[in-house]
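**Q** Structure of the sequence below:
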Amino acid sequence: MGDMNFLYERFQTKLQAVSGECYRAKTLKDAEELIAQIVKEKEIESVAMVNSPIAKAMSLPEKLSDRGITVYTERYPEVTPTVGAGITEMKWAIAELGTLVQYAEDVNERLCSSFTPIHIALVQTSTLLPDIMTALATVHKEPRIPGFVGFITGPSRTSDIERVLTIGVHGPEQLIAIFIDEEAGEGVSNG
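**A** Sure thing, here's the model as predicted:
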């Protein structure tokens, strides 16, 4: 776990340097509380999310709905431009760069991470990789590389307009990465 602590701290430092937010939870239950707290603090009233393994393991759509948040898990092209945040699960995280790796062959995953003002990215701490070369080698070793692999580093930014750095023009204004130590694999109890 020492290596993971080092990798997490490196990732967090890099992500914060590009205006991203980064948190870590020990358990799925802690992560659920953390997400609810962030949603409340940022006054998010609605979210769009694809029900990923982590979200399913913590019953996130139901838990957020119970707290009065409108949760959309369908009609993504219609709802993603209107919600307060999108919640997706990342495949890996690259500590060296503060970069998240998204496998999103399903266009709905991309809509939830790109078309919303705030992107909340769920990440298993165990998927932290030290550097870009390890990440590329890891992708290369996959049985099948999906049709879309995205690398996300911080909120959307551009200097296209008068060479002035602007945040959130072509995508989310805020990126919040939430690392979860507890594995959300098959057979995880939701007690």
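**Q** wait, isn't residue 50 in contact with residue 109?
**A** Yes: applying C-beta atoms under 8 Å, one finds residue 50 in contact with residue 109, separated by 5.3 Å. Yep, even glycine has a C-beta here, placed from its N, CA and C like the rest.
**Q** Spell out which residues are contacts of both of the two.
**A** Residues touching both residue 50 and residue 109 (C-beta atoms under 8 Å, 6 or more residues apart in numbering) are residue 88.
**Q** And the helix ranked longest in the chain, what's buried?
**A** If you go by DSSP state H, the chain has its longest helix at helix 2-17. When neighbours are counted by 16 or more other C-beta atoms under 10 Å, the buried residues of helix 2-17 are found to be 7, 8, 10, 11, 12, 14, 15.
**Q** low-confidence ranges in this structure?
**A** Along the chain, segments meeting pLDDT under 70 span 1-2, 155-171, 186-191.
**Q** Tell me where it has helices.
**A** Listed in chain order, the helices of the chain (DSSP H) span 2-17, 28-41, 53-57, 60-66, 76-79, 107-114, 132-141.
**Q** returning to what we had before: mind putting the buried residues of helix 2-17 into TSV with distance to residue 102?
**A** What follows is the buried residues of helix 2-17, written out as TSV (distance: C-beta to C-beta, whole Å):
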residue	distance to residue 102
7	18
8	19
10	20
11	15
12	19
14	17
15	15
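**Q** Tell me the bridge partners for the most centrally placed residue in the chain.
**A** What sits nearest the mean C-alpha location of the chain, by C-alpha atoms, centre = their mean, is residue 121, with 1.0 Å. Counting by DSSP bridges, residue 121 is bridged to residue 88, residue 177.
**Q** That one against residue 154, yeah?
**A** No: look at residue 121 against residue 154 with C-beta under 8 Å: they stay out of range, at 11.1 Å.
**Q** For these two, list the residues in contact with both.
**A** Counting by C-beta under 8 Å, 6+ apart, the residues touching both residue 121 and residue 154 are residue 175.
**Q** buried residues in stretch 116-135?
**A** 116-125, 127-129, 135.
**Q** would you turn the residues you listed into a markdown table with distance to residue 25?
**A** Shown next, in a markdown table, are the buried residues of stretch 116-135 (distance: C-beta to C-beta, whole Å):
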| residue | distance to residue 25 |
| --- | --- |
| 116 | 21 |
| 117 | 23 |
| 118 | 18 |
| 119 | 18 |
| 120 | 12 |
| 121 | 13 |
| 122 | 10 |
| 123 | 10 |
| 124 | 11 |
| 125 | 9 |
| 127 | 14 |
| 128 | 14 |
| 129 | 20 |
| 135 | 23 |
